[in-house]
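Q: need coordinates for the following:
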Amino acid sequence: MTDTLEVDNTRYTFRFTDSNQCICLNKQQLDCVPYLSVLVSHKDNFLSNQNETGEYLLHPPFHYTWFIAVQHSISSEQPYTLFTELPEHENILGAIQLIDYLGCTSFPLPLLKETNLLFSNSATDERLVTYHRANLVETRNTTAEFVIAL
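A: As a prediction, the model looks like this:
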């Protein structure tokens, strides 16, 4: 008995109307962006969301450079890449707003490692706080999570 795995190789092409640039996403990438996933799944309900070649049209506030930075950050599961992928002259606040607009929930809210921080008792001088040395990636990600959460 042989099991076969069917892989959906469907590619979805999106054209950014402000820059005329395109990006192709597979199903897995599409599912990480709820706004685009809904747009594709309801394509028959909207008359003007595709051009004559079948590309989905993205109008502002969608900007190619912002979207690419957001996409790389989501796919790498490293929030700080949003800040390293975006060119310096680009508006970081616009990219962060795009994350919210897209409905992306891939970025976790930053959490403190130790829940005991809440239970420290200065009256009895009881020390329940423990510290650990964070590596660079962890520090960058936590910083990015705080900025995005703001």
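Q: rest of the way, CA atoms for contacts and neighbours
A: OK.
Q: sec struct for residue 25, please.
A: Per DSSP: H, G, I helix; E, B strand; the rest coil, the local secondary structure of residue 25 is strand.
Q: nope, residue 100 is what I was after
A: Residue 100 ends up helix, using three-state DSSP.
Q: likewise for residue 79?
A: Under the three-state scheme (three-state DSSP), residue 79 adopts coil.
Q: distance of it from residue 142?
A: With distances taken as C-alpha to C-alpha, to the nearest Å, residue 79 is found 8 Å from residue 142.
Q: if you count surrounding residues, which of these two has more?
A: Neighbours were counted for residue 79 and for residue 142 using other C-alpha atoms under 10 Å; residue 79 has more, 26 against 21.
Q: surely the more buried one touches residue 146?
A: No. Residue 79 is beyond contact range of residue 146, at 9.9 Å (criterion: C-alpha atoms under 8 Å).
Q: just the helices in this protein please.
A: Taking DSSP state H, the helices of the chain run over residues 27-31, 34-41, 64-76, 81-85, 92-102, 136-149.
Q: so which bits of the second one are buried?
A: Which is helix 34-41. Within helix 34-41, the residues that count as buried by 16 or more other C-alpha atoms under 10 Å are 36-37, 40.
Q: how about the third one?
A: Judged by neighbour count using 16+ other C-alpha under 10 Å, the buried positions of helix 64-76 are 64-74.
Q: how close does the residue nearest to residue 74 when sequence neighbours are not counted get to residue 100?
A: Nearest non-adjacent residue to residue 74, counting by C-alpha to C-alpha, 6 or more residues apart in numbering: residue 106, 6.4 Å away. Separation of residue 106 from residue 100 (C-alpha to C-alpha) stands at 11 Å.
Q: how about residue 82?
A: 14 Å.
Q: more neighbours, the two?
A: residue 82 (23 against 14).
Q: thought that one was touching residue 70?
A: Yes. Here residue 82 reaches residue 70: they are 5.7 Å apart, a contact under C-alpha under 8 Å.
Q: show me what contacts residue 60?
A: Residue 60 is in contact with 17-18, counting by C-alpha atoms under 8 Å, 6 or more residues apart in numbering.
Q: okay, it: pLDDT?
A: On the pLDDT scale, residue 60 is placed at 92.
Q: ok, it to residue 40 distance?
A: For residue 60 relative to residue 40 (C-alpha to C-alpha), the value is 18 Å.
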